[in-house]
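1. Pasting the sequence and the predicted model now:
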Amino acid sequence: MLENSCAITSPNRSLAVSYFQALTGMLSTPGKFFEDLPEDVRFSRPLTFLLISALFFAGASLTCVGDNHLVMGAVYFTNAVVMSFITAGISYLIITMTMRRKVPFVRLFAVFSFAAGVTLLASWIPLFVWITEPWKWILIGIGLVRVCRLGWIQSVLVAATTVFIVLLLFWSIAPVIAFTRGLLG
């Protein structure tokens with residue numbers, strides 16, 4: 001009998017099997033994968049999926065870096081993981097403040113982690129960001145509809161507002177980053 005691809009990892013199932021089942025579910029039928037997420041999903045499964053994908057992304061990205069491999073690998077890895085927390089947090093605030101909906105943060109984090117994790121596997125390729133970023137946000141939209149029970153219009157508005165706020169955040173800290181780079185180098 002085939003196991004549900006979204007079943008919570010049991011102690012008897014290896015980490016690799018759980019990872020590849022989630023990856024297969026996200027690549028083949030993301031809507032069904034998100035629908036099958038348990039109501040009481042824990043941080044461990046989406047975080048583990050994200051960490052493994054981020055590790056692959058950081059390692060693969062180093063093929064495009066000339067030097068400072070250790071530093072750049074750490075930066076790539078940290079960015080991949082932290083951005084899922086930031087974007088999920090911003091979306092959580094948007095949903096709770098403007099829509100007055102109560103969605104557990106862990107469910108929202110699961111949507112962002114699985115969507116980011118699957119796209120990280122191709123994001124390291126130069127210029128693929130033009131494909132993987134829209135794909136990630138489409139997956140997030142599907143997840144918002146299937147996991148958080150938002151309508152399609154609400155899902156698009158949450159995703160668009162989250163992207164806009166993240167862009168404003170980076171635009172506002174760009175001078176600090178430029179100043180810091182000037183001091184370091």
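-> Sure thing, it's come through.
2. Please tell me how far the closest residue in space to Ala54 that isn't next to it in sequence sits from Leu47.
-> In this structure, Ala54 finds its nearest non-sequential neighbour in Ala80, 3.7 Å apart by C-beta to C-beta, 6 or more residues apart in numbering. Yep, even glycine has a C-beta here, placed from its N, CA and C like the rest. Plainly put, Ala80 is 12 Å away from Leu47 if you go by C-beta to C-beta, to the nearest Å.
3. Looking at those two, which has the bigger crowd around it?
-> Of the pair Ala80 and Leu47, Ala80 is the one with more neighbours under other C-beta atoms under 10 Å, namely 24 against 18.
4. where's the helix or strand hosting that one relative to the chain centroid, distance-wise?
-> Assessed by DSSP states H and E, Ala80 sits inside helix 69-98. How far helix 69-98 lies from its chain's middle: 8 Å, per C-alpha atoms, centre = their mean, to the nearest Å.
5. what angle do the top helix by length along the chain and helix 69-98 make?
-> If you go by DSSP state H, the chain has its longest helix at helix 152-184. Interaxial angle of helix 152-184 relative to helix 69-98 (axes from the mean of the first three to the mean of the last three C-alpha atoms, to 10 degrees): 140 degrees.
6. Pretty sure the residue nearest to Ala54 sits against Leu120.
-> Yes: taking contact to mean C-beta atoms under 8 Å, the distance of 5.7 Å between Ala80 and Leu120 places them in contact.
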